[in-house]
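*Asks:* Here is a sequence together with a model predicted from it:
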Amino acid sequence: MINLVTGASGFLGGHVVEELCRRGEEVVVLARKTSNLSALKNLEIDTRYADVRDPAALKEAMKGVDIVFNCVGSVRFVIPYREIHDVNVAGTERILNAAAEADVKKIVHTSSIAALGPDGLLNPGSLKADRPDIKGGYSRSKTEAEAVFFKGCAEKGIEGVALRPGVIYGPRDFTSAYYWFNFVDTDNAQLVGDGSSRFPLIYVGDVVDAFMTASARKNVNGRTYNLDGPDSVSLKMTYDLICKELGKDPDYKFTPFWLAYSVAWMSELKSKLGGYKKEPRLSKFVISLFGKDSERPDCSNAIRDLDFRPKIGLEEGIRRTAVWYKDLKRSGQIAK
């Protein structure tokens, strides 16, 4: 079986590639010519270059492929919706079309807990339709991408399964974990409210295990699966463990939710008025994620169908991530 991984230069995609190689699988990496593949340089992979905006290049890259792990996606929260749609929604459709022409048998699609929406019903067995009540661009794009994905798979006869992880962290995570460690390291850790709000957090290795199982199971076609870590986690708990790993005394700045949200609103407005040339430091999505309690998502069908049992708790996950962060500092890749 030939496995193609989109978004292989990214955090999750890179870990999926590593695990496939560890298992002795034949791996094709899909990347742009400008992508940084240094984390995969010692692996036996076939690199094919294509952008998800280029249907012809995607079609060429898919030749001979049996299974696609679709890990490509935009995780920016403050950009015009047409831009995030072009990658997360239209990009998913282009990948499907190319896969169908190449007779790909199965696609494991990376969705997100955000597809449930800020007030969405936790119903992991349902296929998500376009939800106009989901206002945030990122949540909306992941929801619409799911709808496009399942509709396309059904029409084109491709077996499709979507996994919805919460916030993924671990070594090489430059989206969340790096900033958490750096904030603590530079005495700039800020919390919304008292920092005790629960949010969904899962270690990258547990997500990759779910991807591997989903790719091999035959009873998962047309299904979505929520993935959350074994612990109930808050940002303050996370910072406390990072302090322990870095030998720092907790020195947090606490900001009321209403004030943090107002600052984020102003930051987004300023970015919009400036033509989105500068990404704001804060977004309403992020403030809501870490400042409002999230219900624990229902992972029961992932437990039933995928034997999903996340093994890495927060303390162990932070310890492993700390090793990576400290290596970055020792190598001079970040300021000490």
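*Replies:* Structure's in. What do you need?

*Asks:* Now name the helix or strand holding the nearest residue to residue 101 once chain neighbours are set aside.
*Replies:* Ranked by CB to CB, 6 or more residues apart in numbering and with sequence neighbours excluded, the top spatial neighbour of residue 101 is residue 59, at 5.6 Å. (Each C-beta comes from the backbone N, C-alpha and C, glycine too.) Residue 59 is part of helix 55-61 when elements are defined by DSSP states H and E.

*Asks:* what does that helix rub up against?
*Replies:* The list of residues contacting helix 55-61 from outside it, by CB atoms under 8 Å, 6 or more residues apart in numbering, reads 4, 28, 30, 48-52, 94-95, 97-98, 101-102.

*Asks:* Please spell out which residues along that helix are buried.
*Replies:* 55, 57, 58, 59, 61 (16 or more other CB atoms under 10 Å).

*Asks:* send the alpha carbons of the top helix by length along the chain over as PDB?
*Replies:* Assignment by DSSP state H gives helix 137-156 as the longest helix of the chain. C-alpha atoms of helix 137-156 as PDB (Å, rounded to 0.1, in the frame of the first residue of the first chain):
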ATOM      1  CA  GLY A 137     -14.000  31.500  10.200                       C
ATOM      2  CA  TYR A 138     -11.900  28.600  11.300                       C
ATOM      3  CA  SER A 139     -14.800  26.700  12.800                       C
ATOM      4  CA  ARG A 140     -16.900  27.400   9.800                       C
ATOM      5  CA  SER A 141     -14.200  26.200   7.400                       C
ATOM      6  CA  LYS A 142     -13.700  22.900   9.200                       C
ATOM      7  CA  THR A 143     -17.400  22.300   9.300                       C
ATOM      8  CA  GLU A 144     -17.900  23.000   5.600                       C
ATOM      9  CA  ALA A 145     -14.800  20.900   4.800                       C
ATOM     10  CA  GLU A 146     -16.400  17.900   6.500                       C
ATOM     11  CA  ALA A 147     -19.500  18.400   4.500                       C
ATOM     12  CA  VAL A 148     -17.500  18.600   1.200                       C
ATOM     13  CA  PHE A 149     -15.400  15.600   2.300                       C
ATOM     14  CA  PHE A 150     -18.200  13.200   3.000                       C
ATOM     15  CA  LYS A 151     -20.300  14.300   0.100                       C
ATOM     16  CA  GLY A 152     -17.400  13.900  -2.300                       C
ATOM     17  CA  CYS A 153     -16.300  10.500  -0.900                       C
ATOM     18  CA  ALA A 154     -19.900   9.200  -1.300                       C
ATOM     19  CA  GLU A 155     -20.200  10.500  -4.800                       C
ATOM     20  CA  LYS A 156     -16.800   9.200  -5.900                       C
END
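
*Asks:* List the buried residues in it.
*Replies:* Buried residues in helix 137-156, counted by 16+ other CB under 10 Å: 137-150, 152-153, 156.

*Asks:* Please compute how far the helix or strand following it lies from its chain's middle.
*Replies:* Next along the chain after helix 137-156, taking DSSP H and E as the criterion, comes strand 159-165. Offset of strand 159-165 from its chain centre (CA atoms, centre = their mean, to the nearest Å): 13 Å.

*Asks:* likewise stretch 161-177?
*Replies:* The answer for stretch 161-177 is 4 Å, by CA atoms, centre = their mean.

*Asks:* ok, now stretch 318-331?
*Replies:* That offset, for stretch 318-331, works out to 21 Å (CA atoms, centre = their mean).

*Asks:* contacts for that stretch?
*Replies:* By CB under 8 Å, 6+ apart, the residues outside stretch 318-331 that reach it are 169-173, 177-178, 181-182, 185, 203, 238, 241-242, 245-246, 312, 334, 336.

*Asks:* remind me which residues of the stretch 51-200 of the chain are low pLDDT?
*Replies:* Scanning the stretch 51-200 of the chain for pLDDT under 70 picks out the ranges 116-135.

*Asks:* do that again at 90, thanks
*Replies:* Residues of the stretch 51-200 of the chain meeting the criterion pLDDT under 90: 51-53, 72-87, 113-148, 175.

*Asks:* Narrow the contacts of stretch 318-331 to those that are buried.
*Replies:* The neighbour count (16+ other CB under 10 Å) marks 169-173, 177-178, 181-182, 185, 203, 238, 241-242, 245, 312 as buried among those.

*Asks:* Surely residue 76 and residue 84 touch.
*Replies:* Yes. With contact defined as CB atoms under 8 Å, residue 76 reaches residue 84; the gap is 6.5 Å.

*Asks:* Which one of these two is surrounded by more residues?
*Replies:* Under the criterion of other CB atoms under 10 Å, the comparison of residue 76 against residue 84 puts residue 84 first, with 23 against 15.

*Asks:* Tell me how far that one lies from residue 222.
*Replies:* Going from residue 84 to residue 222 by CB to CB, to the nearest Å gives 25 Å.

*Asks:* burial measure for residue 174, as a count.
*Replies:* Counted with other CB under 10 Å, residues neighbouring residue 174 total 10.

*Asks:* roughly how far apart are it and residue 325?
*Replies:* In this view, residue 174 and residue 325 are 11 Å apart by CB to CB.

*Asks:* just the helices in the stretch 51-200 of the chain please.
*Replies:* 55-61, 81-88, 90-101, 137-156, 177-185 (DSSP state H, counting those that start in this stretch).
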